[in-house]
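S.K.: Predicted structure and sequence below. I'll ask about it afterward.
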Amino acid sequence: MALVTGCSRQPPETLAGLRDEFVYETLAFSPVAATQAGYHFHRGENLDSRLDDYGDGSLERQRRFYRDFRRRLQAAVRPERLDPEDRADYDLIRQQIDLALLELDEIQSWRRNPTLYVELIGNGLFSPYMLNYAPAPERFRHIIARLKEVPRLLEQAQRNLSGAPPVWIEAAIEENAGNISLVDKVLREAAPAELKESYAAAAGPALGAIKAFGQYLRAMAPGSADGWRLGKELYAKKFRYLVGTGRTPDQILADAERDLKAVRKQMWDLALPLHHKWFPSHRDPVDLNLIVGETLAKIAERHSTRQTYFNDARRDLAETTDFVKRKNLVPLEGAANLELIETPEFMRGIYAVGGFVPAPALEPQLGAFYWLTPIPADWPRERVESKLREYNFYSLKLLTIHEAMPGHYVQFEYANRVRPEGRRLLRALFGSGAYIEGWAVYATQMMLDEGYLEGSPELRLTFLKQLLRVLANAILDVRLHTMGMTDGEAMDLMLKQTFQEEEEARAKLRRAKLSSCQLPTYYAGYQEWLRLRVGYQQSRGKDFNLAEFHRRALEPGAVPLEALRLLLGLAAAPR
């Protein structure tokens, strides 16, 4: 790949040149992210052999880069003169600059969040292992080189960290143990025979540093128990850059609390006939929580076992793929390159259920991963049953739709066909979270609306329960980070208003404390996707075609949803 040096002012700078420079230079700041994106060399340096640098000099270089780049972008580009495609790129670059400087100057996670370092190490070692971008011996040489960098990164971590909320320390300790298992078992066993000695030589000091970091974390004086709360001012800034739908946290909160009541009423209407059928001897009091709760509990009785959980998800993936093709809901092109695997141990703190990892933007042929988090062997029976009830026969299908088909996997497959290359990488790396998560929620509802599972009322009721979770995600995140919501209030919302199992609710509360502004992207994006479809259908009239709408809306990749509206030829949405 040709490098873009970007320093010359002759000829005058263009948006395309600045865009390409931006994506490659920012990738070079994070070698771990570069490997995941398929970018391997920068200015002659092998990025696959490096871990990220959190020393003072590196952080200051990043600050200077973003500030200077913002100045150059403002001098070279008049956004009002750009066509919709270029305007989408411009908006993504500006949002990313603002978000990066907010992190560097104000949020400063590297000073407070130890999970940052733990997950960097895990991802830095796991990506070369899983992504077949080179023969195994070459990739293991990269792993060995990164193992040698582990002590340096963890020394930086101990210099930088100055106390952390207990929940962040707890998560880091758990994920750090996952890194020990990754280095000492998974990678050691997989190392090619001719490299086992070199691997062992590098793994020894790395494991020593990782174990010492675990001791450091256990001895760390915790910061404020509420130190994970971002606060109203910082939250509003991050929300604007990360969610990017033009709506404020307060507007999203008001909408979500309104819709929560409406969806609960829909669930009552749907649950009542099922309840009559399953509990004919019950007298039905006018108690929504009781009727809906008992109906959902009955639905949840149909679930996998610990042993069949993965095979059932594979079955659902084949089934949903067949349905999308048969109904021509989304044009599917190219070879299937999705693999269902267990969530890596070092990522299970935040991926308690599962997730999707797209194919590298620059090497899409390497394939994508649908992560499903296994049920730990040491869990007691009650906890296992709670997890299986929550991800029952119907919920597991909905999870597979959301993460894979036609959810995230299909969306990212379209994104990997974006041209030119710099645009594809920009939108893959810095794409709109509301676009990405909103599509997955919208696509799930669309599948049910189009008759998946023959219009099963059990499936629809389960989806509405999950839609309540989407609404609760937004409510939780805004209220926890900006309004002092307590753990008790959060659990009441999830258990009493949105019918979540306790295991799921506790995992979600923890996730809300480990992240910020990501949980509302599901609802904010879902709102916008519904509005886009209505607007596009009105504009096309009798010529509206659902598959065509999906194709046109997916082809640009994860652009800000306001930019997508322009790309679809629609007027700006009123706010």
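M.R.: Cool, the structure landed.
S.K.: Please enumerate the strands of this protein.
M.R.: All strands of the chain, identified by DSSP state E, fall at 41-42, 45-46, 338-342, 354-357, 368-372.
S.K.: who wins for proximity to residue 164 among these?
M.R.: strand 354-357 (23.6 Å; Cβ to Cβ). Yep, even glycine has a C-beta here, placed from its N, CA and C like the rest.
S.K.: What sits closest to residue 214 if chain neighbours are left out?
M.R.: residue 176 (4.8 Å; Cβ to Cβ, 6 or more residues apart in numbering).
S.K.: Pull out the buried residues from stretch 211-218.
M.R.: Neighbour-count burial for stretch 211-218, counted by 16 or more other Cβ atoms under 10 Å, picks out 213, 214, 216, 217.
S.K.: Any stretches of the stretch 251-400 of the chain with poor pLDDT?
M.R.: Scanning the stretch 251-400 of the chain with the threshold set as pLDDT under 70 gives 284-285, 334-335, 349-350.
S.K.: Can you point out the buried residues in the helix of greatest length in the chain?
M.R.: Selection of the longest helix in the chain by residue count, based on DSSP state H, yields helix 249-278. Neighbour counts over helix 249-278 (16+ other Cβ under 10 Å) mark 249, 252-253, 255-257, 259-260, 263-264, 267-268, 270-271, 274-275 as buried.
S.K.: now stretch 93-103: mean pLDDT?
M.R.: Per-residue confidence for stretch 93-103 averages out to 97 on the pLDDT scale.
S.K.: For residue 522, which of the strands of the chain is the nearest?
M.R.: strand 354-357 (12.9 Å).
S.K.: follow-up on the earlier one: and which of the buried residues of helix 249-278 is nearest residue 303?
M.R.: When the buried residues of helix 249-278 are compared for distance to residue 303, the smallest value, 17.1 Å, is given by residue 274; criterion: Cβ to Cβ.
S.K.: Which residue is the nearest non-sequential neighbour of the closest one?
M.R.: For residue 274, the closest residue by Cβ to Cβ, 6+ apart turns out to be residue 295, at 5.1 Å.
S.K.: Same check on residue 238?
M.R.: Of all residues beyond its chain neighbours, the one nearest residue 238 is residue 517 (4.8 Å), with distances taken as Cβ to Cβ, 6+ apart.
S.K.: OK, contacts around that neighbour?
M.R.: Residue 517 makes contact with 230, 235, 238, 239, 242, 243, 477, 481, according to Cβ atoms under 8 Å, 6 or more residues apart in numbering.
S.K.: With residue 340 instead?
M.R.: 310, 313, 314, 317, 369, 370, 372, 404.
S.K.: make it 6 Å
M.R.: 314, 370 (Cβ atoms under 6 Å, 6 or more residues apart in numbering).
S.K.: now residue 267
M.R.: The contact partners of residue 267, by Cβ under 6 Å, 6+ apart, come to 292, 464.
S.K.: And the one 10 residues further on, by the same measure?
M.R.: By Cβ under 6 Å, 6+ apart, the contact set of residue 277 is empty.
S.K.: re the thing from before, if I look at the residue nearest to residue 238, how far off is residue 252?
M.R.: For residue 517, the distance to residue 252 equals 11 Å [Cβ to Cβ, to the nearest Å].
S.K.: circling back to that earlier point, now the strands of the chain as TSV including distance to residue 511?
M.R.: As requested, the strands of the chain are exported to TSV (distance: least, Cβ to Cβ, whole Å):
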stretch	distance to residue 511
strand 41-42	33
strand 45-46	35
strand 338-342	19
strand 354-357	11
strand 368-372	15
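S.K.: circling back: what sits against the residue nearest to residue 274?
M.R.: Taking Cβ under 6 Å, 6+ apart as the test, what residue 295 contacts is 271, 274, 275.
S.K.: Out of the residues you listed, which comes closest to residue 569?
M.R.: Comparing the contacts of residue 295 against residue 569 with Cβ to Cβ picks out residue 271 as the nearest, at 41.0 Å.
S.K.: Leaving out the residues flanking it, which one is nearest to the closest one?
M.R.: Using Cβ to Cβ, 6+ apart, the closest residue to residue 271 is residue 295 (4.0 Å).
S.K.: Residue 223 now?
M.R.: If you skip the residues right next to it in sequence, residue 223 has residue 163 as its closest partner in space, 3.5 Å away by Cβ to Cβ, 6+ apart.
S.K.: Could you report the separation of the one you found from residue 273?
M.R.: 55 Å.
S.K.: do the same with residue 397
M.R.: Counting by Cβ to Cβ, the gap between residue 397 and residue 273 amounts to 22 Å.
S.K.: and what of residue 529?
M.R.: As judged by Cβ to Cβ, residue 529 and residue 273 stand 30 Å apart.
S.K.: Kindly report the same for residue 94.
M.R.: Remark: distance between residue 94 and residue 273 (Cβ to Cβ) = 51 Å.
S.K.: same question, residue 34
M.R.: For residue 34, the distance to residue 273 equals 55 Å [Cβ to Cβ].
S.K.: And for residue 142?
M.R.: Applying Cβ to Cβ to residue 142 and residue 273 gives a distance of 59 Å.
S.K.: Pretty sure residue 549 sits against residue 537.
M.R.: No. Between residue 549 and residue 537 no contact is recorded; they are 7.4 Å apart, counting by Cβ atoms under 6 Å.
S.K.: follow-up on the earlier one: okay, the buried residues of stretch 211-218 in a markdown table with distance to residue 558 and pLDDT next?
M.R.: Shown next, in a markdown table, are the buried residues of stretch 211-218 (distance: Cβ to Cβ, whole Å; pLDDT from 0 to 100):
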| residue | distance to residue 558 | pLDDT |
| --- | --- | --- |
| 213 | 34 | 98 |
| 214 | 36 | 98 |
| 216 | 37 | 97 |
| 217 | 34 | 97 |
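S.K.: Can you list which of those residues are found in helices?
M.R.: Secondary-structure check on the buried residues of stretch 211-218 using DSSP H: residues within helices are 213, 214, 216, 217.
S.K.: Surely the second one and residue 175 touch.
M.R.: What that stands for is residue 214. No. Using Cβ under 6 Å as the test, residue 214 is too far from residue 175 to be in contact (10.1 Å).
S.K.: ok, back up a step: residue 549 and residue 537: which is more packed in?
M.R.: Here residue 549 and residue 537 are set side by side on neighbour count (other Cβ atoms under 10 Å), and the busier one is residue 549, at 17 against 14.
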